[in-house]
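S.K.: show me how the following folds:
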Amino acid sequence: MPKISAPTVREHHAAQRDLILDAVGEIVAEYGASQLELAQVARRVGLARTSLYRYGRNRDDLVAAWLDREFGPVFDQVGTALAGPGTPFERLMAWLDVQVAFAGQPQHEAANRIMADFAALPPSVRTAMEAQHSQLHQAVGKVVGEALTDQPDRDPALVAELLSAIATATIGCVVAHGGPAAKSEAAIAFAALLGEPQRT
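M.R.: So this is what the prediction gives:
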């Protein structure tokens, strides 16, 4: 029987899977998803290539598993923030907070590389990611609609697009420069777009 490095076989396989997916993330961050090869992953974790087949049949399976592990919790947190308590402004700032927190994690660079290689991902993965993004966009639009209830001349869909653009720019500023200044400026922009009293 092969030697295991955990109290149970199930825990051993879970630990091995995490090591493999960690390696997938590192390689994708360095070279991009389209350049990932099973042999690279096997060398990095010290396994025979055939041992990887328990965790993924090919590159696409491993990338899909990495995306599920890393993005799944983020999508859940964003959804919880948007559906949580508080005013629409507070919920949208919580939505931004989740994204900024993820941007500070080591896996963010791999996520950026994967998005840059989005067209190279398997259709099933692209479809799943597009569906998740669509659901979140609709959730943002719903919160924006709540904020603009007493402003019938405003276009919630357009405001939601602008807020998303500000969120993306804020994340870029936080990654490049760090510090709270970008989030403070984003709060002012969010408040202005939502017709809230100016906040800092």
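S.K.: where's the nearest residue to residue 37 once chain neighbours are set aside relative to residue 156, distance?
M.R.: With C-beta to C-beta, 6 or more residues apart in numbering as the criterion, residue 37 has its nearest non-adjacent residue at 6.8 Å, and that residue is residue 59. (C-beta placed from N, C-alpha, C; glycine too.) Using C-beta to C-beta, to the nearest Å, residue 59 is found at 40 Å from residue 156.
S.K.: cool, and residue 70?
M.R.: In terms of C-beta to C-beta, residue 70 sits 30 Å off from residue 156.
S.K.: which stretch of helix or strand covers the most centrally placed residue in the chain?
M.R.: Residue closest to the average C-alpha location in the chain (C-alpha atoms, centre = their mean): residue 71, at 4.3 Å. Assigned by DSSP states H and E, residue 71 belongs to helix 59-83.
S.K.: now that helix, how far from the chain's geometric center?
M.R.: Centroid separation between helix 59-83 and its chain, computed with C-alpha atoms, centre = their mean, to the nearest Å, is 6 Å.
S.K.: counting neighbours, what do you get for residue 7?
M.R.: Residue 7 has 8 neighbours, counted by other C-beta atoms under 10 Å.
S.K.: I misspoke; the intended subject was residue 187.
M.R.: Count around residue 187 with other C-beta under 10 Å applied: 21.
S.K.: list the helices and strands the one helix or strand it maps to packs on?
M.R.: According to DSSP H and E, residue 187 maps onto helix 181-194. Where contact means 3 or more C-beta pairs under 8 Å, 6 or more residues apart in numbering; DSSP states H and E, helix 181-194 is packed against helix 88-103, helix 156-177.
S.K.: which strands or helices does the first one pack on?
M.R.: In terms of contact count using 3+ C-beta pairs under 8 Å, 6+ apart, helix 88-103 is assigned the packing partners helix 59-83, helix 123-147, helix 156-177, helix 181-194.
S.K.: nearest to residue 103, of these?
M.R.: helix 156-177 (4.6 Å; C-beta to C-beta).
S.K.: buried set for that closest one?
M.R.: Neighbour-count burial for helix 156-177 flags 156, 159-160, 163-164, 166-167, 170-171, 173-174 (criterion: 16 or more other C-beta atoms under 10 Å).
S.K.: before we move on, what about stretch 18-27?
M.R.: Of all the residues in stretch 18-27, those buried under the rule 16+ other C-beta under 10 Å are 19-27.
S.K.: closest to residue 183 out of these?
M.R.: Distance to residue 183, by C-beta to C-beta, is smallest for residue 25 among the buried residues of stretch 18-27, at 25.7 Å.
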